[in-house]
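A.B. asks: Sequence first, predicted coordinates after that:
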Amino acid sequence: MILQIETATTVCSVALANQGRVIAIKEANQRNIHAEAITVFIDEILNKAGIKYSELDAVAVSSGPGSYTGLRIGVSTAKGLCYALDKPLIAVETLEAMAGGLIVSGVDSDVLLCPMIDARRMEVYTALFDAAGNRLQPTTAEIIDANSFAAQLEQSKILFFGDGAPKCRETLSGNPNALFIDDFANSAAHLTSATYQKFKAAQFEDVAYFEPYYLKDFLVTAKKA
């Protein structure tokens, strides 16, 4: 039984999975609720499933990139549970989890998958995967312009999805190979496949030293007068 936590975006999501199947989930897409909601959601799904904390086999967390505050809350919660329960920690990169979630829902075999997480202004955190989930490009912070993904769009259809994708629609939608999914939301359920594979392979993180994958340094800006 694995507890899965996703807090990298505005979605606060917790799922409970057993042998690669989600058996309980609680989530809300609302900004700035993660700190107050995350432990409540965990209690609710464990109670719903009739599972005690001690019966968990591992805790998995979406590791980033994404919201600095959201990631910090999710990873801190996961690490705290692992410390208290003496359970292993599993980390799944957020963009990988997003691609995995879309693949489970069904995609054509000839499209490429481009999950996007909103950063600042016209910038997104993104990567590129094929329809089988194989990574084609590493995770990067990209400023979207008319030339973004030009080489790939010449050869393949690309599905853009995630809360960063709307930034690209106006810029890239003129290309017939640029496809957009509007209703995709991050979910702890998307971690399930990768988490189960890592659990079976005993690919665990060092709880003491693990940190979220912020990708970029957190910048504090002065409040305007």
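C.D. replies: Nice, I can see it. Numbering: from 1, shown residues only.
A.B. asks: in a helix, that's where R169 is, yeah?
C.D. replies: Yes. The assignment for R169 (DSSP: H, G, I helix; E, B strand; the rest coil) places it in a helix.
A.B. asks: quick one: the strands in this protein?
C.D. replies: In the chain, the segments counted as strands under DSSP state E are 2-6, 11-18, 21-29, 58-62, 89-92, 111-118, 123-129, 135-143, 157-161, 178-180.
A.B. asks: closest to S187 out of these?
C.D. replies: strand 11-18 (5.0 Å; C-beta to C-beta). (Each C-beta comes from the backbone N, C-alpha and C, glycine too.)
A.B. asks: got the contact list for G70?
C.D. replies: Contact analysis of G70 by C-beta atoms under 8 Å, 6 or more residues apart in numbering lists T7, A8, T9, T10, C12, H34.
A.B. asks: Make JSON lines out of the residues you listed and add distance to N175, pLDDT and neighbour count.
C.D. replies: JSON lines is the format used below for those (distance: C-beta to C-beta, whole Å; pLDDT from 0 to 100; neighbours: other C-beta atoms under 10 Å):
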{"residue": "T7", "distance to N175": "33", "pLDDT": "98", "neighbour count": "33"}
{"residue": "A8", "distance to N175": "28", "pLDDT": "96", "neighbour count": "31"}
{"residue": "T9", "distance to N175": "26", "pLDDT": "96", "neighbour count": "24"}
{"residue": "T10", "distance to N175": "28", "pLDDT": "95", "neighbour count": "19"}
{"residue": "C12", "distance to N175": "34", "pLDDT": "98", "neighbour count": "28"}
{"residue": "H34", "distance to N175": "35", "pLDDT": "96", "neighbour count": "27"}
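A.B. asks: got the strands of the chain as CSV, with distance to S105 columns?
C.D. replies: Converted to CSV, the strands of the chain look like this (distance: least, C-beta to C-beta, whole Å):
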stretch, distance to S105
strand 2-6, 16
strand 11-18, 15
strand 21-29, 13
strand 58-62, 17
strand 89-92, 17
strand 111-118, 11
strand 123-129, 14
strand 135-143, 19
strand 157-161, 10
strand 178-180, 14
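A.B. asks: Of those strands, give the one that comes closest to Q197.
C.D. replies: Using C-beta to C-beta, the nearest of the strands of the chain to Q197 is strand 89-92, at 9.7 Å.
A.B. asks: rewinding a little: out of the contacts of G70, which is nearest to L191?
C.D. replies: Closest to L191, out of all of the contacts of G70 and judged by C-beta to C-beta, is A8, at 10.6 Å.
A.B. asks: And for the closest one, nearest residue in space, chain neighbours not counted?
C.D. replies: What sits nearest to A8 in space, not counting adjacent residues and going by C-beta to C-beta, 6 or more residues apart in numbering, is G66, at 2.9 Å.
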